[in-house]
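Chemist: What follows is a predicted protein model with its sequence.
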Amino acid sequence: MSARLKILEHALASMARRKQKNFAIIAVYTLTVATLASILFLTQALRNEAANVLLGAPDLVVQRLLAGHHDLIPKQYAEQIAKLPGVGKVTPRVWGYYYDSLKKVNFTLLGVNDASEPPLLAGHLPTSGRQCALGRGIADTYGVEIGDSLVLVDSKNRTLLYEITGLFSHQSSLLTNDLILLPEAELRRFFALPDSQASDLAVQVYNEQEVSTLAKKIKHQLPDTRPIGKMEILHTYDTVFNWRSGIMLTIFSSALIAFCILAWDKATGISAEEKREIGILKAIGWETSDVLLLKFWEGLAVSLSSFLLGTIIAYLHIFFFGAGVLGPVIQGWSVLFPKFDLTPAIDLYQIFALAGLTIIPYIACTVIPSWKNAVTDPDSVMRS
Amino acid sequence: MRILIYLLLCLLLFSSSCFAKQPQQPDKKERCPVCGMFISPYRDWMGTILFKDDSQLFFDGAKDLFRYYFSLPNKNDSRTRDDIAEIYLTDYYSVRLLPVNQLFLVLGSDVSGPMGHEMIPVTGEEAAKTFAKDHNGQKIISFEQLTPQLIPKD
């Protein structure tokens, strides 16, 4: 066994002798890393989900405004928009919200009329009147599967029974979790929507650069509309997540500072016993570099194990236990929607930044005061 | 041996020229021969020249393509304008490669490409006029009307 490994062995043995102190440090250290990593994981995962959602989003959504709020848009607007150069397909969409007072959750109902199967769907899309396809969250809320029936109450207060023909998988959760697909004609009947109008228009734009010009032109030609570009939605999401995670980081930075004080105190306040230990080691012939290596191993053992433990706890917290502690803070009003599991998305850069910010200062805190002791004369160290 | 390779190469080129000429897509390492910039990040601006010997050059915009076109033949390139089979440019509105005679070029607009001021290829006169109106275009020309003096300087 090389001398270095023997020093590591000695370090671990000497740490085992001061169990209580080291366990206290590891516990607090782990807790801090776990909170910080939880925030990082959660915001990263949410941002990732949002980006995935927007990947399939239309380049431009055109809504109609009436007295400042969202209103149904006449279908002939679609024909007018389709004539503008640079515009591809204009699809009128029909959708609405549905509040289930029994389960106290909000659903989104969306009309489908083409036969194209969306990805991540088990079963098939609703084809005839009384059929529907569901997101996972709704299926879990009611405890239903393909082949079962779903009960919805329509705008005329009639209770309707829909046969479930399709179920979206977990991977598409954020997008489809609270979604119920109905045939468009059926959805119009359900909400008593007129045939000549749609909820909004999804506009395909070939050239990304032209989106803002087209938005301006649509607004000019149809002054009662509100065109929303894909980038605007992305920026909104980004701002919201940054703002929320900013608030949380502000709160938890106090936890970080508290941890720093503890780490500093525990690590630097070398006890008389430790000083004596260093003195003895020097007296029996240890080099200063050996003492430093010993202290380095000690610091690394504590900080690395706490860091790994904290990161694992954060991972489990966010991706297995649905961010139970932080979720309500960062999701805001969306707690009204059915619960969903986040897809793990981790930015390695953030992990390394967190590791650098916690491991290196701690090691420095342990090594520097020991170095001060190790360079003084062993005799005076032991006498003091 | 070398003659044999040349013969084989000629045979290969000849046989492949029997097929209809369609522009290939550039690979990731393709660079513009005029400015040296990579092509693939700027697919929306890409232009390409197909030669009769089936070789193909990619440019990161109409401006660089026409600079090259008017420089032929030059001391680095023995090819002449007669060797060109077809010129393709990316239509601004549909972002598709189209033969240059189907396109109009809008000069002096406020839309700039990867190399600054650009001449914007647009399909159809109606669309070209709309583009000029929306983006402050100064002049609409067809490929036949293009002269080296009309190419933007920067």
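Modeler: Yep, it's here. Everything quoted here is computed from the prediction, not taken from an experiment.
Chemist: contacts and neighbour counts: CA atoms only from here.
Modeler: Fine.
Chemist: What segments of the chain are helices?
Modeler: Just so you know, I chose chain A. Per DSSP state H, chain A carries helices over the ranges A:3-17, A:19-55, A:76-82, A:136-142, A:173-176, A:184-191, A:211-221, A:230-268, A:272-283, A:288-315, A:327-331, A:348-375, A:378-383.
Chemist: looking at chain B here, not the other one
Modeler: Counting by DSSP H, the helices of chain B are B:2-16, B:62-71, B:125-134.
Chemist: just to revisit the earlier point, for A:L102, find the nearest of the helices of chain A.
Modeler: helix A:136-142 (10.5 Å; C-alpha to C-alpha).
Chemist: What is the distance between the closest one and the centre of its chain?
Modeler: Relative to its chain's centre, helix A:136-142 lies at 21 Å (C-alpha atoms, centre = their mean, to the nearest Å).
Chemist: which strands and helices sit next to that helix?
Modeler: Contact here means 3 or more C-alpha pairs under 8 Å, 6 or more residues apart in numbering or on different chains; DSSP states H and E; on that basis helix A:136-142 packs against strand A:159-168, helix A:173-176.
Chemist: CA atoms only for that helix, dumped as CSV, please.
Modeler: Listed next in CSV are the C-alpha coordinates belonging to helix A:136-142 (Å, rounded to 0.1, in the frame of the first residue of the first chain):
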residue,chain,number,x,y,z
ARG,A,136,-52.5,10.1,-17.9
GLY,A,137,-53.4,12.5,-15.2
ILE,A,138,-57.1,12.3,-15.8
ALA,A,139,-57.0,8.6,-16.1
ASP,A,140,-55.3,8.4,-12.7
THR,A,141,-57.7,10.9,-11.1
TYR,A,142,-60.7,8.7,-12.0
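Chemist: picking that back up, mind telling me which of the helices of chain B the model trusts least?
Modeler: Among the helices of chain B, helix B:2-16 carries the lowest mean pLDDT, a mean of 52.
Chemist: residues from chain B in reach of chain A?
Modeler: B:44, B:92-95, B:127, B:130, B:134 (C-alpha under 8 Å from any C-alpha of the partner chain).
Chemist: Please repeat the previous calculation with a cut-off of 10 Å.
Modeler: B:44, B:91-96, B:111, B:122-123, B:126-128, B:130-131, B:134-135 (C-alpha under 10 Å from any C-alpha of the partner chain).
Chemist: Give the buried subset of those residues as a ChimeraX selection command.
Modeler: To isolate the buried members of those in ChimeraX, using 16 or more other C-alpha atoms under 10 Å in any protein chain shown:
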select /B:44,91,92,93,94,95,96,111,122,123,127,128,131
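Chemist: can you tell which of the helices of chain A is closest to A:L161?
Modeler: helix A:184-191 (11.7 Å).
Chemist: Any buried residues in the closest one, and which?
Modeler: A:184-188, A:190-191.
Chemist: beta partners of A:D200?
Modeler: A:R93 (DSSP bridges).
Chemist: Tell me the residue of chain A that sits nearest chain B?
Modeler: Going by C-alpha to the nearest C-alpha, chain B is nearest to A:G86 of chain A, at 4.2 Å.
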